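Colleague: Pasted the sequence and its predicted model underneath.
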Amino acid sequence: MAKQAVTTAKQSGARQSGKQRRSAFTRFSQKVAAYSGKPITFIVALGIIVVWGLSGPIFGFNDTWQLVINTSTTIITFLMVFVIQNSQNRDTAALQIKLDELISKLEGPREILLDLEELDDDALEELRAEFEAMAEKARKAGGTAKAAA
């Protein structure tokens, strides 16, 4: 199965290194997400807020002074939602593929677990309750084994 996926990826134009050419938005969102998570980005943002706050007396704390920070932070927040969601979607999809590969190679797991993200909420809740019951049973069995030892 994994060999088929690799073969399919190569046939679809993937480079030998295994990396396909990413779209401009994907490259952009990865860079923005990487930079926005750095301490220096936080420090710069904090500096901007401090400068804005200190400039209040100069502008008399007027409506335009307040509007500048309100508008700019709203616009940045709005755009960052899409950038972060794009990055999160890719990370989740990659993680899901890796988990599916591991589950498919193990002896014993149910193959129904391979596409849990596609199930509706009721089916997910039913499976979660089943696993909770299994975990509780294992805890009780583990607790008795330790007490007997």
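Modeller: Structure received. Numbering: from 1, shown residues only.
Colleague: which residues touch Trp65?
Modeller: Trp65 sits next to Trp52, Ser55, Gly56, Phe59 when contact means Cβ atoms under 8 Å, 6 or more residues apart in numbering. C-beta here means a position set from N, CA and C on the backbone, and glycine is covered the same way.
Colleague: and the gap between the third one and Trp65?
Modeller: From Gly56 over to Trp65 the distance is 6 Å, taken as Cβ to Cβ, to the nearest Å.
Colleague: And for the second one?
Modeller: For Ser55, the distance to Trp65 (Cβ to Cβ) stands at 7 Å.
Colleague: How about Asn89?
Modeller: Counting by Cβ to Cβ, the gap from Asn89 to Trp65 is 38 Å.
Colleague: which helix in this structure runs the most residues?
Modeller: The longest helix of the chain (DSSP state H) is helix 63-105.
Colleague: gap between the following helix or strand past that one and the chain center?
Modeller: Counting by DSSP states H and E, the next helix or strand C-terminal to helix 63-105 is helix 121-148. Taking Cα atoms, centre = their mean, to the nearest Å, the mean C-alpha location of helix 121-148 is offset from the chain mean by 27 Å.
Colleague: what do you get for stretch 65-79?
Modeller: Worked out by Cα atoms, centre = their mean, stretch 65-79 lies 25 Å from the chain centre.
Colleague: buried sites along that stretch?
Modeller: Judged by neighbour count (16 or more other Cβ atoms under 10 Å), stretch 65-79 contains these buried residues: Trp65.
Colleague: Count the neighbours of Glu101 for me.
Modeller: 13 (other Cβ atoms under 10 Å).
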